[in-house]
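In: Got a predicted model here, sequence first, then my questions.
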Amino acid sequence: MTKSLLQGRDGAAAIEFAILAPVTLLLIFATLEAGWIITQSIMLDRGLAVASRSLQIGSLADPTYEEVRARVCREAIILSDCETALRLEFTPIDRESDFPATDAPCVDRKVPIAPATAFNPGRRAQMVYVRACYMLAPWSPGLKFGFAMPHSETGEVRLTSLFAFVNEPG
């Protein structure tokens, strides 16, 4: 009876499926997640560019940090929980040494309070360097797709966007 069990071919397809299905599903889910992350990154770039353009041409009268962040989120459309996951930094540039030397600051979910953010959209005819950081929770953290991408201790992926503009002369 044992010899007939070892020579039987019943279940050969099940073994092949058990080996190939996880690899195929991993590739499918990794591709979907990569596409979703890229789409959100593009929308973050778009939202930052449109909101910065409003500052550049002066169409926002006396803007606040919260108003500009809300505008970025409104223009970025698909970013979930954008108001709490997005942090912006505006740096007026007068000389080359004014450019930030560190990474864009991000929201830290481990700390229950957000630190005060200085908001300076610059004066007329001044260059402003804008950095945005959006913390994105991956769909499938078990895949560890984001190993090569910057991420936080909580496993969130850091999406950053940079934009520079010169305020229109008034």
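Out: Cool, the structure landed. Numbering: from 1, shown residues only.
In: alpha carbons only for contacts and neighbour counts from here, please
Out: Will do.
In: List phi and psi for the closest residue to C106 other than its chain neighbours.
Out: Leaving aside its sequence neighbours, C106 sits nearest to C133 (Cα to Cα, 6 or more residues apart in numbering; 5.2 Å). C133 adopts backbone torsions of phi -130, psi 120, taken as degrees, to the nearest 10.
In: Tell me how many other residues crowd C133.
Out: By other Cα atoms under 10 Å, 22 other residues sit near C133.
In: let's have the chain start at 470 instead
Out: Renumbered: residue one is now 470, and that last one reads C602.
In: if I pick it, what's in contact with it?
Out: Neighbour list for C602: 555-557, 573-576, 627-630 [criterion: Cα atoms under 8 Å, 6 or more residues apart in numbering].
In: what do you get if the cut-off is 7 Å, keeping everything else the same?
Out: 555-557, 573-575, 627-630 (Cα atoms under 7 Å, 6 or more residues apart in numbering).
In: For these, work out which two are farthest apart.
Out: Farthest pair in those (Cα to Cα) is L557 and R627. Separation: 13.0 Å.
In: quick one: the strands in this structure?
Out: For the chain, the strands defined by DSSP state E cover 555-562, 596-605, 626-635.
In: about what we covered before: which residues does the residue nearest to C575 form a beta bridge with?
Out: Bridge pairing for C602 (DSSP bridges) gives the partners R556, T629.
In: how close does it sit to I526?
Out: C602 sits at a distance of 23 Å from I526 (criterion: Cα to Cα, to the nearest Å).
In: what do you get for R556?
Out: Using Cα to Cα, R556 is found at 22 Å from I526.
In: Looking at those two, which is more packed in?
Out: Legend: neighbour count by other Cα under 10 Å for R556 and I526, higher for R556 (22 against 15).
In: So that one sits against A573, correct?
Out: No. With contacts counted by Cα atoms under 7 Å, R556 stays clear of A573, the gap being 8.6 Å.
In: which neighbours do those two share?
Out: Shared contacts of R556 and A573, defined by Cα under 7 Å, 6+ apart, are found at 601-602.
In: got a list of what C551 touches?
Out: C542.
In: give me the number of residues near V635?
Out: The burial count for V635: 20, using other Cα under 10 Å.
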